[in-house]
Structures are given as structure tokens and as C-alpha cells.
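Q: Provided below are the primary sequence and the corresponding predicted coordinates.
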Amino acid sequence: MAVAVGERLLIAKERATARYVGAVEGHDGTWVGVEWDDASRGKHDGSVGGKRYFTCQSAAPTAASFIRINKVSQGTSLVGALVLRYTNQLAEGQAAGDGQVYIHAGGKSKINFRLVGEDQVTQHQSRIDLLTSGRLVGANVSHVGPPGALATTAASLTQLDLTDNLVGSWSTVTDICQQLPNLQLLVLSHNKLSLPNSVDEARQQGAVQLPGLRCLVMNSCSITWQQVGVVQSYLPNLQELHVGANNISSLAVDLNHRQHDVGVPSSQLAGFMSLQILGLEDNKISAWCEVMRLAGLPSLKRLHLSGNPISAIRYPTYSVPPTALLQQQPPTVDPDEAPPAASSNTSQQQQQRPFPVLEALLLGGCQISSWSDIDQLNRFPALRECRLSGNPLFTAEGGYGGAGRRYEVIGRVGRLTLLNGADVKPRERRDSELRYIMYISADAAEAEAAGQPKQSEEETAASHPRLPELQAKYGKLRCDCVLYGSSCAECSFSAVLWLALADLMAVSGPLTCKPTAHMKVVKMLSVLALWAETCRVHNIASCYVGDTHNIPASSATV
């Protein structure tokens, strides 16, 4: 039995990685030094009797053990697991040689179950050569099998799920893809993968171009973004990639190779030219400048960043050369800083906006706490979908919950059609934008009443960048008293407020109310909201405020 360093092993139903193979002083025979997946399972850290035999990736003092070589199992082959699984000798969730069938529950628990009606489907499933989708979850697959056997057994596979197995190297992935030329989707989540850290290392492991693969899932695989950057060079047609929960904190890639070495363009992210979906959830990315390293991907439409400690969003107001973006030289993270001077041979037509086609940006459960960061989303040229739930801005600010400020997100980001998984329909957009304008007015009036310095029109527009656009869309205020701190004997209100009030009225008799001229603006806005609800409930068609403001029944339509 030969065990290689780096090989994934099974030892009495516990998984580990071989870090050393050889003799141990004071003990006969051949021993395998292993690093356990469960770091509490071992007895030392690779050092015994004052001598270090190997070093663990884990910092835990009990991550390692020495096991006699005849006590370790190298798992099963992919070919053998497919045959057992699809001739009904091995059910999903059942490892080869294990008589029990189970499914994964919460944590490490497993639930045993019995299959019903298995005889009826056995004959159909036994035609493995016709199988297009294979699923081998928790089957302890560690290698492909005899040369050419996979191509003969399951040549029609286009989708293969190998979640929670013993796949440990990129060479195994290469072997799978080469023997399955029709394979487009490969799931490798919860496999501890040892990927190459450099192009030279990739060549030594036999890496080749894999043009057929379209979707690759490597969540919870203990990999780095540098390793992802190396293997992407060999995936020229990849459209979807998921690398969540890998403790990735930096998105920098340094391939440091000459173009003729591997036959790919010199751009650092050349393999991602076709990438449309990138999942980076539940990693350790905190700085937005790291995200901007992805800004030059020309086809990226969906970027999943939920669960990262990102606290700020920044988008530059200017364009940059595509070559700079593709070389992972992102624009400055300060969106208001002056753009760098263009070189003499770079025309404006050659400039590119960062994230040119990004339609969906998922930022749920991050650390965003400022409305100025939400304003940045309005700068993305193609953004249509966003997830922001679970951020401090929506869970703690002023006692508002996430749903309570949904209208403000819609008001600040003009192109959203899907927010937190819910459609933003035209009617909701109109109502939210009107409510947002009302909020700006009330906030300015409340600040004036508290004796705070008056804001100029420019200062208000800086705090609410979409305000000029919304004023052009719905009309400006009738006077400056509400927004800009000036005063008048009789407060006039924006035509927008009247439009919002009229839109909420149903059709029936009038309501008359004459508030005094000395009533605070904020209280008057509250009265307006009360009037609107009263009109809706009682089907009131017209509303008269004082002697000068009138909403006729003809305008009170929905």
C-alpha cells in the first residue's frame, strides 16, 4: 500500500490529510503522519519526542497523529462509487462498505432512513452510460479509478456533484474533466482541496485547459484566492464560480508567468472573461478595494458577497483603461477623487466603467452602516438587484427594521427592480420616491426647529444625490422654506406631497381642515399622513387645507 503526502485518507470514519509517510523513531514499521479535519482529534502538532516530522496547516496543538499505514483507507474510486450508487448498491449519503443509509442534518449529525420503491427505479438507473447527472454526496470518493474507465462507464455525464468526499488535488479534477468531455457542472464543496499556488506548480501537477467546464462550485474547500487565480487560467469558458466559506480576505492574484508558458493571455484574470456569476459569500473580505479588483470582468452579472465584513461601498465617477482593470489595478476607492490622467495613447473611447454589466450585488449580513454607501449603488451602470438585509444600517438605526427603510433604498437607488428578494414594481417605486422626498423635507424642517445650521441646496444635494433627479421627475418644492431653512408666513408644500396625498384618496365627499399658520412643518406632515389614511378609509375625494391649497376630485385618482 502506497500513500502519498497530501493524499486524503479515511481512518475509522474520520477524515485526515497525509503530511508524512515513513519511519518514526522508537517505533517499528511505516507510519503515516496525518492532520485531522477535526483538529481536536489528534495528540500533537507533528512533533514527537523533540523531533518535528511535519507541520500542520492548523494552528491547533492537537491536530496531528501518527497512524500505522495498514490502518488507513484511501477511499473509493469515482467509477466504483457511480456503479454502486446507480445500480442501487450504494444510496446517496452512504459510503462504500457502509451498510447504513443516512442524510446529513445539522452540524455533524446524520439521520438514517430506508428507501421506498427502490426496485422500481433500479433497472432505469443501472444504465450508467446514459446518465447525464450524477450525485455522490459523502461517498468517500478520492480518485477517478483505472485509466479510461470513467470515460467508458459514464461518458454522458454533464453534471457531477462530489460534495463531502475525499477529492484532494487539482490533478484529480483534471482527470475527471478530461474523461468526461460533456461535463459542464462540477460540485466539489466540502472537499479539502490542495490547489496549485503558482503556474509552475500547476504544470507540475499536469494542469491542462478544460474548455468544457461552465460551472465550478468549491465552497468550504480551504482554498485561497491565489489558488483560484491559478486554476482559472485553465478554465477559459467558465461562466459560474462559487468559492464561499473559504476564509478568503484578499482578491489579489499574482500569476507571474510568461504568456507562452501556459498558452493564456497575460492578463491576471484572463480565465474569467466569460464569468457571469461569482459567489464569495461567508469569507473574510472587509475592504472594498479588494472587491474592485474584480471590476474589469467584462461579463460579470452577479456578485455574491453576503456574509463578508464589508463596511463601505465605493464606486468611482470616472472610467479607467480596461487593461488596468484586467491587471487587477482597480481605480481609487475614493469615488470623489480626481481621476488619474489618461496616457497619450488612451482615448476616452478606450475607457471602461468598472463592473460594466453587473446586474446583481448581494451584500446581506455585511457591516454597512451609512446611507452614503447606499448612494454609491446608484452609480453602478447596470445594477438591478441588491440584497442588503442584515446590515447594521437596517437592524439598529433609529429603531427602524429592514423593511422600515426599504422605501429609502428604493428612493436612493434608481434602477433597482429587486430588493432583498422582493420585486420593486413601478407603483412601489413611485410611492417610495415620493416618500423619500417627504422624508428629506421633514428631516430638514426638524433640523431647523432644533436650531441646527441651515443647509444650502448644494449641501442637501450632497447628502441626497438623487434629489435633483427626483425633483426633475416630480417637481421642485413651491418655496425654499422646507428644504433650505428659509421661512415664510405661510408654509407652502411641494407639489410632490400633494401628488402623494391625492394618489392615496378614493372617490367620495370632501374633507375640510384649516391648520394654523404657526404649526410646525413636521407636525403638518404628520397631519398630511393622517389625512391621507382617513381619505383612503372613508373614500374622500377632495381635501382643503386653509384657503389656498386645494386638491380637486379630478386629481384624486389612483
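A: On my side now, so go ahead. As the structure is a prediction and not an experimental result, all values here were calculated from the model.
Q: what residue ranges in the stretch 1-150 of the chain score low on pLDDT?
A: Regions of the stretch 1-150 of the chain meeting the criterion pLDDT under 70 cover residues 88-126.
Q: repeat that with 80
A: By pLDDT under 80, the weakly predicted segments of the stretch 1-150 of the chain are 1, 88-127.
Q: number of nearby residues for Gly421?
A: Residue neighbour count, defined by other C-beta atoms under 10 Å, stands at 10 for Gly421. C-beta: built from backbone N, CA, C; applies to glycine.
Q: ugh, wrong one, Met218
A: Look at Met218: counted by other C-beta under 10 Å, it has 26 neighbours.
Q: cool, and the one 5 residues further on?
A: The tally of other residues near Ile223 (other C-beta under 10 Å) stands at 22.
Q: isn't it right up against Asn247?
A: No. Judged on C-beta atoms under 8 Å, Ile223 makes no contact with Asn247 at a distance of 9.2 Å.
Q: the stretch 51-200 of the chain: strands as residue ranges?
A: Along the stretch 51-200 of the chain, the stretches classed as strands by DSSP state E, counting those that start in this stretch are 51-52, 64-68, 76-77, 102-104, 110-112, 133-135, 141-143, 159-161, 185-187.
Q: packing partners of the last one?
A: Helices and strands touching strand 185-187, as assessed by 3 or more C-beta pairs under 8 Å, 6 or more residues apart in numbering; DSSP states H and E, comprise strand 159-161, helix 170-179, strand 215-217.
Q: just put those in CSV and tack on mean pLDDT.
A: Listed next are the helices and strands packed on strand 185-187 as CSV, based on pLDDT from 0 to 100:
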stretch, mean pLDDT
strand 159-161, 98
helix 170-179, 96
strand 215-217, 98
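Q: mind checking which of the strands of the stretch 51-200 of the chain is nearest Ser169?
A: Closest to Ser169 of the strands of the stretch 51-200 of the chain is strand 141-143 (C-beta to C-beta; 9.3 Å).
Q: neighbouring strands - and their directions - for that closest one?
A: Neighbouring strands of strand 141-143 in its sheet, by DSSP bridges, are strand 76-77 (parallel).
Q: Ala155 contacts Asn182, correct?
A: Yes. Assessed by C-beta under 8 Å, Ala155 is found in contact with Asn182 at 7.2 Å.
Q: more neighbours: which of these two?
A: Counted by other C-beta under 10 Å, Ala155 and Asn182 do not tie: Ala155 has more neighbours, with 16 against 12.
Q: ok, the more buried one - contacts?
A: The neighbourhood of Ala155, defined by C-beta atoms under 8 Å, 6 or more residues apart in numbering, consists of Asp129, Leu180, Pro181, Asn182.
Q: whichever of these end up buried, select them in PyMOL.
A: PyMOL command restricting these to the buried ones, with burial defined by 16 or more other C-beta atoms under 10 Å:
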select buried, resi 180
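Q: of the strands of the stretch 51-200 of the chain, which is nearest Val424?
A: When the strands of the stretch 51-200 of the chain are compared (using C-beta to C-beta), the closest one is strand 185-187, at 31.1 Å.
Q: re the thing from before, just the closest of the contacts of Ala155 to Val21, please.
A: Leu180 (30.8 Å).
Q: so what's that closest one closest to, chain neighbours aside?
A: Among residues not flanking Leu180 along the chain, Leu157 sits closest, at 5.1 Å (C-beta to C-beta, 6 or more residues apart in numbering).
Q: tell me what the helix or strand that contains Met438 is packed against?
A: Here Met438 sits within helix 426-449, counting by DSSP states H and E. Here helix 426-449 touches helix 406-412, helix 467-474, helix 495-504, helix 521-538, going by 3+ C-beta pairs under 8 Å, 6+ apart.
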